[in-house]
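A.B. asks: pasted the sequence and its predicted model underneath.
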Amino acid sequence: MAPPLLLTTAPLPACPDRGWPEAAPVSEAALAAAGGLLVPHDGGPAADLRERPDRWALLHLMTGALRRDVPLLAWGSGAALVGRALGAPVHAGHAGAPDWAEVPAAAEVHLQSPGGRPLHWTAGRATAWADPEVPPFLLAAFLAGLDTQRSRRPATPLETVGGEAALRAVLADFYARAARDPLLGPVFAAHVRDWAAHLDHVTAFWVTVLGGAGPGGEPAWRGNLNHVHAGLGLRGEHLARWLTLFAQAARAHLPPEAAEVLTSRAGAMGTRLGAQAAARRS
Ligand code: HEM
């Protein structure tokens with residue numbers, strides 16, 4: 001079996017005798033298949049992240065790793081960042097010491113430093129060591145415990161659905177069905193001039209609804225669904241047909257569990273849109 005894919009947030013310290021493992025740079029895409037993540041001390045801040053979009057991006061990746069339950073070993077400034085990602089208060093280090101995190105709510109402390117600060121703690125599959133040098137026993141135990149099985153939890157419903165590519169396939173098929181439909185087709189024909197742009201908008205909408213984000217971590221779509229549909233004269237039969245065709249497209253392209261994620265969300269939104277449309281008519 002292939003060894004687990006090990007990722008790292010920073011180059012590992014140069015030290016030939018140390019036996020550092022091979023680790024690839026972390027990225028959102030790589031996390032989905034990661035067997036483990038190293039978060040080395042890199043001397044960067046964890047407490048004050050003003051003007052540090054690079055640290056926010058790192059924190060975002062860390063949150064993704066934690067949500068996916070990727071085994072993670074962090075030390076020094078890395079441990080402080082992981083503490084922060086887990087919601088712990090983080091303090092600035094003094095006199096060249098790294099920033100440090102208090103113990104996160106769900107964590108177990110194994111060792112305290114003489115000053116009473118948490119030195120070694122674990123939370124789920126995350127292991128943290130607050131000092132800038134990780135002890136060899138901890139690294140060895142971490143590497144030995146990495147499982148080779150890919151049993152990660154999907155981080156978001158978007159991942160369950162199969163990501164943006166799977167969404168695009170469903171949506172392209174759905175709008176092709178809707179455009180051909182005698183009831184819905186004329187409504188779309190009257191309002192959608194640029195189908196490519198419309199598909200981009202609705203894809204961004206679904207990415208956002210399913211917990212995904214744009215390339216920089218920002219929401220991919222911002223808007224108000226009720227306003228978009230307010231002037232279309234939607235009635236119950238439009239919504240019912242929309243949902244039927246949507247479910248057909250979802251089932252044609254996705255496994256049952258993934259199709260269910262999409263159709264149940266669409267159903268809930270359809271109920272709200274229907275209620276708003278009825279309120280406007282009365
Ligand atoms: C749960 C049900 C529905 C969902 C989730 C939904 C979602 C969306 C989204 C995300 C947009 C794009 C918004 C944007 O441009 O930022 C949109 C636009 C549109 N929708 Fe829906 N929709 C639903 C039901 C319907 C129904 C029943 C119709 C009737 C035919 C409809 C017709 C349209 C049209 C014509 C536009 C384009 C409006 C424009 O660009 O002027 N939608 N919809």
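C.D. replies: Cool, the structure landed.
A.B. asks: what residues are up against residue 126?
C.D. replies: If you count contacts by C-beta atoms under 8 Å, 6 or more residues apart in numbering, residue 126 has them with 66, 71, 72, 74, 82, 86, 107. Every residue, glycine included, has its C-beta placed from N, CA and C.
A.B. asks: for it, list each beta-bridge partner.
C.D. replies: Taking DSSP bridges as the rule, residue 126 bridges to residue 72, residue 123.
A.B. asks: helices of the protein, start to end?
C.D. replies: 28-31, 53-68, 77-85, 136-145, 157-161, 163-180, 185-191, 195-209, 225-230, 236-253, 256-281 (DSSP state H).
A.B. asks: in the longest one, what's buried?
C.D. replies: When burial is assessed from 16 or more other C-beta atoms under 10 Å, helix 256-281 yields the following buried residues: 258, 259, 260, 261, 262, 263, 266, 270, 273, 274, 276, 277.
A.B. asks: the fifth one is in contact with residue 170, isn't it?
C.D. replies: Pointing back at residue 262 there. Yes. In terms of C-beta atoms under 8 Å, residue 262 counts as a neighbour of residue 170; the distance is 6.8 Å.
A.B. asks: residues shared between the contacts of these two?
C.D. replies: Joint contacts of residue 262 and residue 170 (C-beta under 8 Å, 6+ apart) are 250, 254.
A.B. asks: up against the ligand, what does the stretch 151-282 of the chain have?
C.D. replies: By C-beta under 6 Å from any ligand atom, the residues of the stretch 151-282 of the chain that approach the ligand are 184, 187-188, 191-192, 201-202, 205, 223, 225, 228-229, 232, 234, 238-239, 242, 266, 269-270, 273.
A.B. asks: of those residues, buried ones?
C.D. replies: Looking at these with 16+ other C-beta under 10 Å, the buried ones turn out to be 184, 187, 201-202, 205, 229, 234, 238-239, 242, 266, 270, 273.
A.B. asks: got CSV for the contacts of residue 126, with neighbour count and distance to the ligand too?
C.D. replies: Formatted as CSV, those follow (neighbours: other C-beta atoms under 10 Å; distance: C-beta to the nearest ligand atom, whole Å):
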residue, neighbour count, distance to the ligand
66, 20, 30
71, 22, 37
72, 27, 35
74, 27, 39
82, 31, 36
86, 21, 34
107, 21, 40
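A.B. asks: next, the contact list for residue 226, please.
C.D. replies: Applying C-beta under 8 Å, 6+ apart to residue 226 gives the contacts 272, 273, 276.
A.B. asks: how about a cut-off of 6 Å?
C.D. replies: residue 276 (C-beta atoms under 6 Å, 6 or more residues apart in numbering).
A.B. asks: what's the distance between it and residue 100?
C.D. replies: As judged by C-beta to C-beta, to the nearest Å, residue 226 and residue 100 stand 47 Å apart.
A.B. asks: how about residue 172?
C.D. replies: Relative to residue 100, and taking C-beta to C-beta, residue 172 is found at 50 Å.
A.B. asks: in stretch 100-119, what's buried?
C.D. replies: Neighbour-count burial for stretch 100-119, counted by 16+ other C-beta under 10 Å, picks out 100, 101, 102, 103, 104, 107, 118, 119.
A.B. asks: low-confidence ranges, the stretch 1-150 of the chain, go.
C.D. replies: 1-3, 15-18, 147-150 (pLDDT under 70).
A.B. asks: count the residues that sit near whichever residue of it sits closest to the ligand.
C.D. replies: Closest residue of the stretch 1-150 of the chain to the ligand, C-beta to the nearest ligand atom: residue 28 (23.4 Å). The tally of other residues near residue 28 (other C-beta atoms under 10 Å) stands at 16.
A.B. asks: got the domain boundaries for the chain?
C.D. replies: Per automatic domain parsing, the structural domains of the chain span 6-145, 157-281.
A.B. asks: most neighbours per residue, which of the ones you listed?
C.D. replies: Greatest average neighbour count among the domains of the chain goes to domain 6-145 (a mean of 18), per mean count of other C-beta atoms under 10 Å.
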